[in-house]
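**Q** what's the 3D shape of this:
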Amino acid sequence: MAKIHKVAELAGVSTATVSRALAGKSTVSDATRERVEAAAKELGYVVSSSASSLASGRTRNVGIVLPHLRSWFYMAVLRGAQLSLADAGYDVTLYHLAEDDDTAAEGDNPRRARLFDEFLRRKRVDALIAISLDLTENEVALLAQLRRPVVGIGGPLPGIHTMSLDDTAVATAATMHLVELGHRSIAHLSGGPSFDVGFHPPANRRAGWEAALQSAGIEPDPLLLREGDFTIKGGYDATVALLDDPHVSPTAIFAASDEMAFGAMMAVRDRGLRVPEDMSVIGIDGHELSEVFGLTTVDQFPEVQGRHAAEIVLHELDKAHHESMDESLPWELVARRSTATRQ
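**A** Here you go, the predicted model:
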C-alpha cells in the first residue's frame, strides 16, 4: 500500500496537508483537497481509520437508532441517511431497539438502557441520528454531556435539532380526501400497541381520522377502526375481518401505512370487490411501489428525510455549537386510481 509521503510528493504538499485534506478539514482549500484526493486515488492510498481517529479525535462513524427493522419506511429513511454519510466518507453503526422490547415500560427496555448507559459512552460514534425515538430528559442530558451532534426525526425534542411530521394533519388530509369524494363510511387501519411508541404516529393518525370525520359531521364508528401491524399481511387480515363484519359497510379505507393499504387492496379484490368502484383505499408513506399499485397516498419522502438528517449531522460536525431547532417535514397527497367518487 502507498505511504502518505508518496501522496504528499505527488500532490506537491506536506504530509500534514494530506492528513487534513483526507480528514475533510475546512482549513484546506477545495483545489488542494481535490489534488490530494486525486493523488491518493492514483496511488491507491487509503487512510488508516485508527490513525485518522487518533489524529482527529473522530471515528468517522455515525450512529443511527431505529425502533423497527421490518418497516419499509424506516428502511427508506436509513437508506437515505447511509448513502449521504457514505458519500461523505462516514461509516454507520446501527442501533436497533428490538420489537420484543417496544411494549416495555419507559426506562425498562434493556437494549435502550444499554444504548445510552454503555454504547454511546464508549464514544465510538461522532454523531447520532434518532429515528422516531422520543428521548427522555435523562437521555437528552446524557447526549449533551457527550458533546456529540444529535438529529432527531419524528417529533420535537428539547435541546436537539429535530425534524417533525405532523401525523395528525397528514391523517386529516388523507381522510378529508375520501370525505370530499362523497364517502361517509370510512374505515381506518391503525397500528397495534407495539407501534404506538416514540412520537405515537398510530395514535396521532387515528386522531386525524377522527377529527376529519367529526369536522364533516360524521361520528367515528369504533367498528370501523381496525388494528394492523404496518405490514401487507396486517392490512390484509384487518380488511378481511372488516369486510366479514355484518355490522359495518365501509365504502373507503384509510390505512396508516402504504403497506397496510396494499394488503387492504388485495383483501378487497379477494372478496370479489373492486378498487376503487366498490372500495376506495388511501395510505401514508409514499412507498416506492405505490405508483405500481395505483395507490393514492400521502408521500412523506422518507429517503429525503434520511438524506437531510445526514446533511444536518455533517454540517454540525464542523461547528463548535450544535443548533436546537425543529423543522417541519414536507408531505404531499398524491391522488391515483385507488380512490374515486362514491358510486
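**Q** ranges for the helices of the chain?
**A** 4-11, 15-22, 30-43, 49-56, 72-87, 110-114, 137-146, 167-180, 201-215, 232-243, 258-270, 290-293, 302-317 (DSSP state H).
**Q** and for Val275, the neighbour number?
**A** Number of residues near Val275 (other Cβ atoms under 10 Å) recorded here: 22. The way it works is simple: take the backbone N, C-alpha and C, and place the C-beta from them, glycine included.
**Q** for stretch 332-343, measure first residue to last.
**A** 26 Å (Cα to Cα, to the nearest Å).
**Q** what about the stretch 1-150 of the chain, any weak spots by pLDDT?
**A** The stretch 1-150 of the chain contains residues with pLDDT under 70 at 1-2, 23-26, 47-58, 98-108, 117-123.
**Q** let's go with 90 and repeat that
**A** Regions of the stretch 1-150 of the chain meeting the criterion pLDDT under 90 cover residues 1-61, 63, 65-72, 87-89, 93-128, 130-150.
**Q** and for the stretch 151-300 of the chain?
**A** Looking at the stretch 151-300 of the chain by pLDDT under 90, you get 152, 154-162, 191-203, 228-230.
**Q** show me the chain divided up by domain.
**A** Residue ranges for each domain of the chain read 4-56, 61-165+302-331, 167-300, as given by automatic domain parsing.
**Q** format the ones you listed as JSON lines; extra columns: distance to Ser338.
**A** Shown next, in JSON lines, are the domains of the chain (distance: least, Cβ to Cβ, whole Å):
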{"stretch": "domain 4-56", "distance to Ser338": "46"}
{"stretch": "domain 61-165+302-331", "distance to Ser338": "18"}
{"stretch": "domain 167-300", "distance to Ser338": "5"}
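**Q** which of those domains sits most buried?
**A** Highest mean neighbour count of these: domain 167-300, a mean of 20 (counted as mean count of other Cβ atoms under 10 Å).
**Q** now that one: how far from the chain's centre is it?
**A** In this view, domain 167-300 has its centroid 20 Å away from the chain centroid, taken as Cα atoms, centre = their mean, to the nearest Å.
**Q** got the end-to-end distance for it?
**A** With Cα to Cα as the measure, domain 167-300 spans 10 Å from end to end.
**Q** picking that back up, who wins for proximity to Ala340 among the domains of the chain?
**A** With Cβ to Cβ, the closest approach to Ala340 among those belongs to domain 167-300: 3.9 Å.
**Q** pick out the residue nearest the middle of this structure.
**A** For the chain, Val77 is the residue whose C-alpha lies nearest the centre (Cα atoms, centre = their mean; 4.0 Å).
**Q** wait, what's in contact with that residue?
**A** Contacts for Val77 were tallied using Cβ atoms under 8 Å, 6 or more residues apart in numbering; they are Ile131, Ile153, Pro302, Glu303, Gln305, Gly306, Ala309.
**Q** between these, which is closest to Arg226?
**A** Closest to Arg226, out of all of these and judged by Cβ to Cβ, is Pro302, at 24.1 Å.
**Q** now the residue nearest to Met75 when sequence neighbours are not counted: how far from Ala252?
**A** Spatially, and ignoring its direct neighbours in sequence, Met75 is nearest to Leu69 (7.4 Å; Cβ to Cβ, 6 or more residues apart in numbering). Leu69 sits at a distance of 31 Å from Ala252 (criterion: Cβ to Cβ, to the nearest Å).
**Q** just to revisit the earlier point, quick one, which of the domains of the chain gets closest to Thr339.
**A** With Cβ to Cβ, the closest approach to Thr339 among those belongs to domain 167-300: 4.1 Å.
**Q** doesn't Gly155 make contact with Ile131?
**A** No - using Cβ atoms under 8 Å, Ile131 is not in contact with Gly155, being 10.8 Å away.
**Q** which residues touch the residue nearest to Arg79 when sequence neighbours are not counted?
**A** Of all residues beyond its chain neighbours, the one nearest Arg79 is Glu303 (5.9 Å), with distances taken as Cβ to Cβ, 6+ apart. Going by Cβ under 8 Å, 6+ apart, Glu303 touches Ala76, Val77, Arg79, Gly80.
**Q** let's go with 10 Å and repeat that
**A** Residues in contact with Glu303 (Cβ atoms under 10 Å, 6 or more residues apart in numbering) are Phe73, Met75, Ala76, Val77, Leu78, Arg79, Gly80, Ala81, Leu83, Ser84, Gly286, Glu288.
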